[in-house]
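**Q** using only what follows, build the 3D model:
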Amino acid sequence: MPARLVVLISGSGSNLQAILDAIRARYLDAQVVLVISNRQAAFGLERAQKAGIPTRVHPLKPYRDAGRSREEYDADLAALVREAAPDWVVLAGWMHILSQAFLRHFPYRVVNLHPALPGQFPGATAIADALAAFQSGQIKKTGVMVHLVPDEQVDRGPVIASEEAPIYATDTLESLTNRMHQVEHRVLVGALARLIQGDE
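**A** Numbering: from 1, shown residues only. Have a look, this model is predicted:
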């Protein structure tokens, strides 16, 4: 029986598309049962709708405007995800740190993709941080990792897969970002395949 995936996105959804393409190619024995975005304008929602996948938008701003807490937001997000009964929750460009109000419902079932090697450059600016570190002679390469999210630490947790990516002297932020996306797609799909096979 295919693994049930709920994918959380904030932007273009290129990693979501990589998952959908891998499922279509029968590389991944899975189905995406729900896509949730915290941004109404996220292009990934269009990708999901085109593939016939249910979508939900769950923005943080109304909670902030009403003086409600981040934990309340996360608890309501968890309720949305639980309705879809996922085997795995995949953070594919999800730009929020999740609290235990969410994570406790899916212990060791939340998978995050991060464009840096383990222990390097946590946070939303990882690619720019790596390029700056390269330009100042601190590093010679960067990479991508996929890890489980057991707690609220940012971009840390048991690593499932990682792959190095070169940085070139001619790189701009745009060229490095494009290269990193190609690596992300491959590493994320491979990591999900390993997790799903391990469940069988």
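**Q** alpha carbons only for contacts and neighbour counts from here, please
**A** Noted.
**Q** where does pLDDT dip in the chain?
**A** For the chain, applying pLDDT under 70 flags the ranges 199-200.
**Q** quick one: list the elements packing against the longest helix seen in the chain.
**A** Across the chain, the longest stretch assigned as helix under DSSP state H is helix 173-199. Counting by 3 or more C-alpha pairs under 8 Å, 6 or more residues apart in numbering; DSSP states H and E, the packing neighbours recorded for helix 173-199 are helix 14-24, helix 126-135, strand 141-148, strand 159-166.
**Q** let me see the contact set for the closest residue to Leu16 other than its chain neighbours.
**A** In space, Leu16 comes closest to Ala92 once its chain neighbours are excluded; the distance is 6.5 Å by C-alpha to C-alpha, 6 or more residues apart in numbering. If you count contacts by C-alpha atoms under 8 Å, 6 or more residues apart in numbering, Ala92 has them with Val7, Leu8, Ile9, Gly13, Asn15, Leu16, Asn112, Leu113.
**Q** the helix or strand hosting the second one - contacts with which helices or strands?
**A** In this structure, Leu8 sits in strand 3-9 according to DSSP states H and E. For strand 3-9, the contact count by 3+ C-alpha pairs under 8 Å, 6+ apart identifies strand 30-37, strand 88-91 as packing neighbours.
**Q** what's the first helix or strand after the longest one?
**A** Right, strand 30-37. Using DSSP H and E, the helix or strand that follows strand 30-37 towards the C-terminus is helix 43-50.
**Q** who's in contact with that next one?
**A** By C-alpha under 8 Å, 6+ apart, the list of residues contacting helix 43-50 reads 9-14, 16-17, 35-37, 54-55.
**Q** CA atoms of it as CSV?
**A** Listed in CSV are the C-alpha atoms of helix 43-50, where the atom choice follows Å, rounded to 0.1, in the frame of the first residue of the first chain:
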residue,chain,number,x,y,z
PHE,A,43,2.9,28.4,-6.6
GLY,A,44,3.2,24.9,-5.1
LEU,A,45,-0.6,25.0,-4.5
GLU,A,46,-1.1,25.3,-8.3
ARG,A,47,1.2,22.3,-8.8
ALA,A,48,-0.9,20.3,-6.3
GLN,A,49,-4.2,21.3,-7.8
LYS,A,50,-3.0,20.4,-11.3
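**Q** that older thread, ok, of the contacts of Ala92, which come out buried?
**A** Burial by neighbour count, judged by 16 or more other C-alpha atoms under 10 Å, picks out Val7, Leu8, Ile9, Gly13, Asn15, Leu16, Asn112, Leu113 from the contacts of Ala92.
**Q** stretch 134-143: which residues count as buried?
**A** By neighbour count with 16+ other C-alpha under 10 Å, stretch 134-143 contains the buried residues Phe134, Lys141, Thr142, Gly143.
**Q** equivalent analysis for stretch 100-110, please.
**A** Residues of stretch 100-110 classed as buried by neighbour count (16+ other C-alpha under 10 Å): Ala101, Phe102, Leu103, Phe106, Tyr108, Arg109, Val110.
**Q** and His114, how many neighbours?
**A** For His114, the number of neighbouring residues by other C-alpha atoms under 10 Å comes to 28.
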